[in-house]
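[1] Here you go, sequence then predicted model.
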Amino acid sequence: MQNGTLLAAIDLGSNSFRLEIGRFHSGHIERVEYIKETVRQGNGLDENKVLSEAAMQRGWDCLARFAERLHGFKKQQVRAVATQTLREAQNRDEFMRKAQSILGFAIEVVSGHEEARLIYQGVSRLLPQSEEKRLVVDIGGRSTEMILGQGYEARKMESYRLGSVAWSTKYFPRGQLTAVAFKTAEVAAKAVLDEALDTFPPSEWTVSYGSSGTVGSVADILAANGWASGVVTRSGLDWLVDKLIKAGNVDNLRIEGMKDDRRAVLGGGVSVLRAIFDLFDIQQMLPAQGALRQGALYDLIDRESHEGDVRERTVRWLAERFSIDEAQAQRVSTVSTALFAQIAAADTPNERYSQKLAWAARLHEIGTHISHDRSYHHGAYILDNVDAPGFSFPELHRMSQLVLGQRGKLRKLEQSLEDELFAKQLMSLRLAVLLCHARQMPEHQSVKLSYKSGAFKLATNPGWSRRYPQSAWLLGEEVLAWQKTAWKFSADLR
């Protein structure tokens, strides 16, 4: 990546949407601009996890303003990440279709583990390098992430379903701040986080950091009221709770250092934070400068390097974990990407989609770890449900659909096949699996694949079908399989 390149990260959180723009310079990112808008999308989820029209509109309006600022940015310069509210929303697709159209860039709904990984990456990049063992806590609007790490490496990551918006709505209705409400909210938070004690025992870390809104807001309030700057202490937290209870209602809150956009969710965030202090016997927590959006920015840098891309490391880890035949996986990957290169349109971001096809090809036999019978169904299930650092839900689902469709009838992929690019990827993968059926590298250079106006055509060099009669027969069966789809496929086997 060239010095001076502008990069942008968008964090679609439950309480706020944030846009961070930075300039790359010698492996580091210098902030150019930061925009935060309080959208409170998490408040728009009803009891059936349906996002209200008003909440969606607030999000769309915010993204329209972000889109204006990002005019001129290229796709590889921007990463937009959505978290817990959109993980939960039943009508997520409705919001996402319009949101991506308005923004002009893809939006990734990431898993809790991926959110935690990006948070730690953002925090660690903005901290002085040391060998300290860190516990990083990020209390968001509807989820709380906890990460145990050292240096730039996140070693343990978890996401829990509690946060400032969710707890404020549930335990402090109509903004009422009472001692009973705080007690109930803290007990409920401890019940959710109790298992975290086994994952992040205090014996495994030496210092705790708080990322993002809640901890930063509490630190600002304490500093403005005479407490030590740059730290949240147990005694300071107790003082703040007492002040909130005396106010009685968020409408009565008048505390130096409190930003108005935190008023409605401060009670819920503070109750979760104090529960964490009690549960882990924390005496002080340091507010961290980095957060998810900085992690997303540095991830854009890593993706520029094939080896630096965490998704590449994840694919290698999954292949090892599920005992995949590495040689066969590489053969199918090589052949499928070679075929795809022949039919990818000139205006297609070929390298990006070819890489995703290659990853799917390398994992196409992941389901055989469960059973060889219907292994492609097992493989699709694994990819749809595994924690895969670096990958978003849509990326994993697309790979799962490719794995599902690698063989067998195609009607199970009727909806996915409406996408021309997916059809090209799937055709390339199915043909590669077919050609590599003998688990040896096939003579694929003699196979030419073309595409025009919804029709695929395969042709071979003279004599190829006589040398490989089994492959020729399988290709004939493949032609029949595609006849039951909207796509045409013919084979000129010589």
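    That came through, no problem.
[2] Can you name every helix or strand that the helix or strand where G269 lies contacts?
    For G269, the host element (DSSP states H and E) is helix 266-280. When contacts are defined as 3 or more CB pairs under 8 Å, 6 or more residues apart in numbering; DSSP states H and E, helix 266-280 packs onto strand 133-139, helix 164-171, helix 179-193, helix 196-199, helix 213-224, helix 234-247. To be clear about C-beta, it is placed using only N, CA and C from the backbone, and glycine gets the same treatment.
[3] Neighbouring strands - and their directions - for the helix or strand just after that helix?
    Once the chain leaves helix 266-280, the next helix or strand it forms, by DSSP H and E, is strand 284-287. Looking at strand 284-287 with DSSP bridges, its partner strands are strand 207-211 (parallel), strand 232-233 (antiparallel).
[4] right, and the helix or strand after strand 284-287?
    Following strand 284-287 toward the C-terminus (DSSP H and E): helix 292-304.
[5] I'd like the average pLDDT over that following helix.
    For helix 292-304, the mean per-residue pLDDT is 88.
[6] Repeat that for stretch 358-365.
    For stretch 358-365, mean pLDDT rounds to 96.
[7] just stretch 175-185 next, same as before
    On average, stretch 175-185 scores 96.
[8] do the same with stretch 236-243
    96.
[9] cool, stretch 90-102 as well?
    Throughout stretch 90-102, pLDDT has a mean value of 95.
[10] Which residues does that stretch contact?
    For stretch 90-102, the external contacting residues (CB atoms under 8 Å, 6 or more residues apart in numbering) are 12, 48-51, 56, 59-60, 63-64, 67, 82, 86, 89, 106-107, 109.
[11] can we see that at 6 Å?
    49-51, 56, 60, 63-64, 67, 86, 107 (CB atoms under 6 Å, 6 or more residues apart in numbering).
[12] buried ones in that stretch?
    Residues of stretch 90-102 classed as buried by neighbour count (16 or more other CB atoms under 10 Å): 91-92, 95-96, 99, 102.
[13] Can you tell me the SS state at the closest residue in space to T38 that isn't next to it in sequence?
    In this structure, T38 finds its nearest non-sequential neighbour in D261, 4.2 Å apart by CB to CB, 6 or more residues apart in numbering. Three-state call for D261 (DSSP: H, G, I helix; E, B strand; the rest coil): helix.
[14] could you show me where the strands are in this protein, in order?
    6-12, 16-25, 28-38, 78-82, 107-109, 133-139, 144-150, 153-160, 207-211, 232-233, 284-287, 447-452, 455-460, 488-492 (DSSP state E).
[15] Quick one, which of those gets closest to R398.
    strand 107-109 (11.8 Å; CB to CB).
[16] Compute the mean per-residue pLDDT across that closest one, please.
    93.
[17] now for that strand, which elements pack on it?
    Under the contact definition 3 or more CB pairs under 6 Å, 6 or more residues apart in numbering; DSSP states H and E, strand 107-109 sits against strand 78-82.
[18] Please name every helix or strand in contact with the strand it packs on.
    Applying 3+ CB pairs under 6 Å, 6+ apart, one finds that strand 78-82 makes contact with strand 6-12, strand 107-109, helix 292-304.
[19] Quick one: residues in contact with the longest one.
    Yep, that's helix 292-304 we're talking about. Outside helix 292-304, the residues within contact range by CB under 6 Å, 6+ apart are 1, 7, 9, 11, 18, 20, 22, 29, 79, 81, 118-119, 121-122, 125, 308-309.
[20] can you do 7 Å?
    1, 7, 9, 11, 18, 20, 22, 24, 29, 79, 81, 115, 118-119, 121-122, 125-126, 308-310 (CB atoms under 7 Å, 6 or more residues apart in numbering).
[21] Enumerate the positions of it that are buried.
    292-303.
[22] would you put the C-alpha positions of it in PDB?
    Taking C-alpha atoms only, helix 292-304 is exported to PDB below (Å, rounded to 0.1, in the frame of the first residue of the first chain):
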ATOM      1  CA  LEU A 292     -13.400  -1.600  16.300                       C
ATOM      2  CA  ARG A 293     -13.200   1.100  13.600                       C
ATOM      3  CA  GLN A 294      -9.400   1.300  14.000                       C
ATOM      4  CA  GLY A 295      -9.200  -2.400  13.800                       C
ATOM      5  CA  ALA A 296     -11.100  -2.400  10.600                       C
ATOM      6  CA  LEU A 297      -8.700   0.200   9.100                       C
ATOM      7  CA  TYR A 298      -5.600  -1.900  10.000                       C
ATOM      8  CA  ASP A 299      -7.400  -5.000   8.600                       C
ATOM      9  CA  LEU A 300      -7.600  -3.200   5.300                       C
ATOM     10  CA  ILE A 301      -3.800  -2.900   5.300                       C
ATOM     11  CA  ASP A 302      -3.400  -6.600   6.200                       C
ATOM     12  CA  ARG A 303      -5.600  -7.600   3.400                       C
ATOM     13  CA  GLU A 304      -3.300  -6.000   0.900                       C
END
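[23] got the angle between that helix and strand 153-160?
    Relative orientation of helix 292-304 and strand 153-160, computed by axes from the mean of the first three to the mean of the last three CA atoms, to 10 degrees: 130 degrees.
[24] What's the local residue count around G248?
    G248 sits with 13 neighbouring residues when counted by other CB atoms under 10 Å.
[25] which residues touch the spatially closest residue to it that is not a sequence neighbour?
    Sequence neighbours aside, L177 is the residue nearest to G248 in space, at 5.9 Å (criterion: CB to CB, 6+ apart). By CB under 7 Å, 6+ apart, the contact list for L177 reads 244-245, 247-250, 267.
[26] Name the member of these with the most neighbours.
    G267 (28 neighbours).
[27] Give the residue spans of the stretch 251-400 of the chain that score low on pLDDT.
    Residues of the stretch 251-400 of the chain that meet the criterion pLDDT under 70 lie in 305-308, 346-350.
[28] err, the stretch 101-250 of the chain, not the other one
    By pLDDT under 70, the stretch 101-250 of the chain has no low-scoring segment.
[29] From E195, how far out is the residue most central in space within the chain?
    Nearest to the mean C-alpha position of the chain, counting by CA atoms, centre = their mean, stands V110 at 2.4 Å. Distance, V110 to E195, using CB to CB, to the nearest Å: 22 Å.
[30] Next: V39.
    Taken as CB to CB, the span from V39 to E195 is 31 Å.
[31] same check, this time on Y171
    Taking CB to CB, one finds Y171 at 21 Å from E195.
[32] out of the two, which sits in the busier spot?
    For Y171 and E195, the more surrounded residue by other CB under 10 Å is Y171, and the numbers stand at 24 against 11.
[33] The residue nearest to the more buried one when sequence neighbours are not counted: what's it in contact with?
    Once flanking residues are discounted, Y171 sits nearest to A185: 3.8 Å by CB to CB, 6+ apart. Counting by CB under 7 Å, 6+ apart, A185 touches 167, 171, 268, 271.
[34] need the contact list for the second one.
    The one in question is Y171. Per CB under 7 Å, 6+ apart, neighbours of Y171: 181, 184-185, 188, 268, 271.
[35] try it again with 6 Å
    Here Y171 is in contact with 181, 184-185 (CB under 6 Å, 6+ apart).
[36] Out of the residues you listed, which is nearest to A275?
    A185 (7.8 Å).
[37] would you list the helices and strands packed on strand 78-82 in a markdown table and tack on distance to R155?
    Output for those, formatted as a markdown table (distance: least, CB to CB, whole Å):
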| stretch | distance to R155 |
| --- | --- |
| strand 6-12 | 23 |
| strand 107-109 | 23 |
| helix 292-304 | 16 |
